[in-house]
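Peer 1: here is a sequence together with a model predicted from it:
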Amino acid sequence: MPSGTSTIMRAKLEKIQQDFLNDISFVKNEIDLINIEKKYLGRKQGQLTEILRGLKDLSVEQKKEIGPLANQIKQFIEKELEIKQQEFKNKINLNQKDVDLTYPIDKEKLGHWHPNSIVQYELEDIFKSLGFKILDGPELESEFFNFEALNIPADHPARDMQDTFFVDNGDKVKNDNRLLLRTHTSAMQVRALKKYGVPFRGVFPGRCFRYEAMDASHENTFYQMEGLMIDKNISIANLIAVMKVLLQGIFKQEVKIRLRPGYFPFVEPGFELDIQCLICGGKGCSVCKQSGWLELLPCGMVHPNVLKHAGVDSKKYSGFAFGLGLTRLVMMKYGIDDIRLLNSGDLRFLKQF
Ligand code: FA5
């Protein structure tokens with residue numbers, strides 16, 4: 001065979017590789033793939049097969065030079081074909097068996113926050129900006145933290161105002177303390193002070209329970225958000241300032257409020273902060289019991305006996321606490337005229353938020 005033969009064959013092999021790379025870049029389906037395989041590796045007319053077949057006519061020297069190159073290109077083509085084949089298989093699995101990627105998403109079915117949570121998180125943001133901690137507390141609470149630590153001993157008539165569900169836990173638990181479903185988030189006051197000490201500012205949102213007759217504004221399960229601020233020289237002026245920031249932040253409109261004396265054994269003095277009913281505009285309806293006003297934010301200056309239970313020196317420190325009716329606030333903010341809708345789980349109602 002003439003000496004220029006190996007140069008020509010080398011050029012042919014390089015062209016085959018180039019053409020193959022070009023062809024494979026346009027492959028769209030498995031049929032294209034089969035045709036390419038035939039074109040280069042087909043037994044009868046495959047371009048590379050013909051070269052390999054011709055190797056036998058070369059001299060030993062030429063075989064040594066062209067043989068390995070031809071085999072290398074053959075392996076390269078086989079490998080590329082295999083990779084492409086696997087890609088097609090994966091695509092078929094994904095489209096036909098597992099998931100239809102083209103199926104339109106039904107936006108209606110996406111979940112969202114419950115209105116209680118929306119308002120709770122808005123409030124938390126307001127209080128965080130005022131430097132308050134956000135704390136969670138137990139719903140199954142001890143009689144001590146729910147009543148005694150709050151200056152409400154066992155025989156105190158104030159217990160009648162917050163009848164609740166006691167848990168039957170057999171014998172009396174540690175410290176003669178029964179467990180109950182907490183009636184208010186005030187149960188967190190002494191817990192928080194014992195844990196963090198003073199000065200302290202924090203809010204405690206959470207679920208409360210009471211054994212009582214249900215109507216448009218009373219549930220047996222509802223949410224409150226307690227607030228507590230203890231420091232040196234805290235007065236009623238600080239309490240009123242914080243209440244104003246809270247109400248403006250949440251309603252984003254002027255709301256009429258009234259402050260009147262209120263009795264709670266754990267504050268002295270104590271107040272009831274009412275807002276004018278936003279359902280009827282103050283005219284009177286079933287939500288405000290025809291009075292035009294709704295009890296929303298009882299509050300007051302923390303009683304020295306509560307501070308004593310928390311190990312805080314009431315001669316040096318004072319402060320205020322409030323117990324916001326979170327569920328009632330949600331009703332006012334969204335114009336909901338029956339509290340029972342909020343726990344109903346009725347999607348026709350919940351989807352509106
Ligand atoms: C208390 O629970 C006191 N712990 C509040 C407090 C805290 C006073 C700190 C002083 C200092 P009261 O029982 O009034 O107070 O409840 C507070 C608020 O929770 C009410 O104004 C009302 O908005 C809401 N609330 C009370 N009972 C129910 C109920 N059954 N259903 C829905 N909301 C209720």
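Peer 2: In hand now; what should we look at?
Peer 1: C-alpha from now on. contacts and neighbour counts both.
Peer 2: Will do.
Peer 1: which positions in this protein make contact with the ligand?
Peer 2: On the criterion C-alpha under 6 Å from any ligand atom, the ligand has as its neighbours in the chain the residues 184, 186, 217-220, 222, 224, 264, 267, 295-300, 321-325, 327-328.
Peer 1: in helices only, show me those residues.
Peer 2: Counting by DSSP state H, the part of those found in helices is 327-328.
Peer 1: let's see which of the residues of the chain next to the ligand end up in strands.
Peer 2: Among the residues of the chain next to the ligand, the subset assigned to strands under DSSP state E consists of 222, 224, 267, 295-300, 321-325.
Peer 1: sort out which one of these lies nearest residue 49 for me.
Peer 2: Out of these, the one with the shortest distance to residue 49 is residue 222. That distance is 81.8 Å, counting by C-alpha to C-alpha.
Peer 1: quick check: the gap between that closest one and residue 327.
Peer 2: Computed as C-alpha to C-alpha, to the nearest Å, the residue 222 to residue 327 distance reads 6 Å.
Peer 1: quick one: which of the two has more around it?
Peer 2: Neighbour totals were compared for residue 222 and residue 327, and residue 327 leads with 26 against 22 (other C-alpha atoms under 10 Å).
Peer 1: isn't residue 30 up against residue 85?
Peer 2: Yes - shown here, residue 30 and residue 85 form a contact pair, counting by C-alpha atoms under 8 Å, at 7.1 Å.
Peer 1: counting contacts, what elements does the helix or strand that contains residue 16 pack onto?
Peer 2: Using DSSP states H and E, the element containing residue 16 is helix 5-25. If you count contacts as 3 or more C-alpha pairs under 8 Å, 6 or more residues apart in numbering; DSSP states H and E, helix 5-25 packs onto helix 30-41, helix 47-54, helix 60-92.
Peer 1: and with 7 Å instead?
Peer 2: Here helix 5-25 touches helix 60-92, going by 3 or more C-alpha pairs under 7 Å, 6 or more residues apart in numbering; DSSP states H and E.
Peer 1: show me what the helix it packs on is packed up against.
Peer 2: Of the remaining helices and strands, those touching helix 60-92 by 3+ C-alpha pairs under 7 Å, 6+ apart are helix 5-25.
Peer 1: how does it look with 10 Å?
Peer 2: helix 5-25, helix 30-41, helix 47-54 (3 or more C-alpha pairs under 10 Å, 6 or more residues apart in numbering; DSSP states H and E).
Peer 1: give me the mean pLDDT for the shortest one.
Peer 2: By that I understand helix 47-54. This predicted structure assigns helix 47-54 an average pLDDT of 91.
Peer 1: buried residues in it?
Peer 2: By neighbour count on 16 or more other C-alpha atoms under 10 Å, the buried set for helix 47-54 is 47-49, 51.
Peer 1: so, low pLDDT: which residues of the stretch 1-150 of the chain?
Peer 2: 1-3, 92-98, 107-108 (pLDDT under 70).
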